[in-house]
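>>> Below are the sequence and a predicted model; questions follow.
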Amino acid sequence: MLDVRGGDPKFPAKCSSDSEVTLSQQMMPSDANPLGNVHGGYIMKLVDEAGGLAAMRHARRPVVTVAMDSMSFLSPVRVGHLLTLRARVNWVGKSSIEVGVHVEAENPVTGELTHTNSAFAVFVALDDAGHPIPVPPLILETDEERRRWSEGEERQQIRLQRWRKKA
């Protein structure tokens with residue numbers, strides 16, 4: 001039996017793999033501080049771009065970022081490293097999409113790979129007038145995808161509680 005969750009059932013459901021995005025870019029001196037460490041803000045920008053592309057591929061609509069959970073940097077990224085970001089849809093609501101982004105740095109000379117950080121970002125799909133629009137449901141095919149869905153749903157509930165407290 002197909003496990004289809006979230007989104008608007010009037011749209012054909014999509015698999016997470018249908019919208020997965022991989023971005024790779026070599027880090028250059030213009031991306032870094034004087035010590036040769038890539039700016040965290042630059043990595044955050046790339047996370048937002050990769051996540052946004054995955055959300056757009058799922059919705060097939062423009063999206064805007066509405067939240068990015070905290071991001072901790074586990075290790076520095078150095079000039080010359082190849083940074084690879086893998087973005088994948090975890091959870092979808094009516095018009096919102098949570099995307100998980102996993103970031104790795106590779107020393108292209110030694111081949112050493114380092115998981116530098118991960119992040120969860122939420123995007124909202126927009127219609128032509130810039131208003132939220134429903135998105136397709138998500139097909140969960142594996143136990144891993146069901147785990148990511150459950151964890152994404154929990155994070156979304158926490159975000160909503162936090163937003164309600166501020167209102």
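Arrived safely, thanks for sending. Numbering: from 1, shown residues only.

>>> just the strands in this structure please.
3-5, 14-15, 21-26, 63-68, 82-92, 96-106, 113-125, 138-140 (DSSP state E).

>>> got the end-to-end distance for stretch 102-121?
One end of stretch 102-121 to the other measures 11 Å (C-alpha to C-alpha, to the nearest Å).

>>> got the contact list for Pro62?
Met56, Ala125, Leu126 (C-beta atoms under 8 Å, 6 or more residues apart in numbering). C-beta: built from backbone N, CA, C; applies to glycine.

>>> change it to 6 Å
Contacts of Pro62 were listed using C-beta atoms under 6 Å, 6 or more residues apart in numbering, and they are Leu126.

>>> Please tell me how far it sits from Met56.
In this view, Pro62 and Met56 are 7 Å apart by C-beta to C-beta, to the nearest Å.

>>> and the longest helix seen in the chain, C-alpha only, in CSV?
Among the elements of the chain assigned as helix by DSSP state H, the one spanning the most residues is helix 143-166. C-alpha atoms of helix 143-166 as CSV (Å, rounded to 0.1, in the frame of the first residue of the first chain):
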residue,chain,number,x,y,z
ASP,A,143,11.6,3.4,6.7
GLU,A,144,14.2,6.1,6.6
GLU,A,145,11.8,8.4,4.8
ARG,A,146,9.1,7.7,7.3
ARG,A,147,11.5,8.5,10.1
ARG,A,148,12.5,11.8,8.4
TRP,A,149,8.8,12.6,8.0
SER,A,150,8.0,12.0,11.6
GLU,A,151,10.9,14.0,12.8
GLY,A,152,10.0,16.8,10.3
GLU,A,153,6.4,16.8,11.6
GLU,A,154,7.7,17.2,15.2
ARG,A,155,10.0,20.1,14.2
GLN,A,156,7.1,21.8,12.4
GLN,A,157,4.9,21.6,15.5
ILE,A,158,7.7,23.1,17.6
ARG,A,159,8.1,25.9,15.0
LEU,A,160,4.4,26.6,15.0
GLN,A,161,4.3,26.7,18.9
ARG,A,162,7.3,29.2,18.8
TRP,A,163,5.6,31.4,16.2
ARG,A,164,2.3,31.4,18.2
LYS,A,165,4.1,32.5,21.3
LYS,A,166,5.6,35.5,19.5
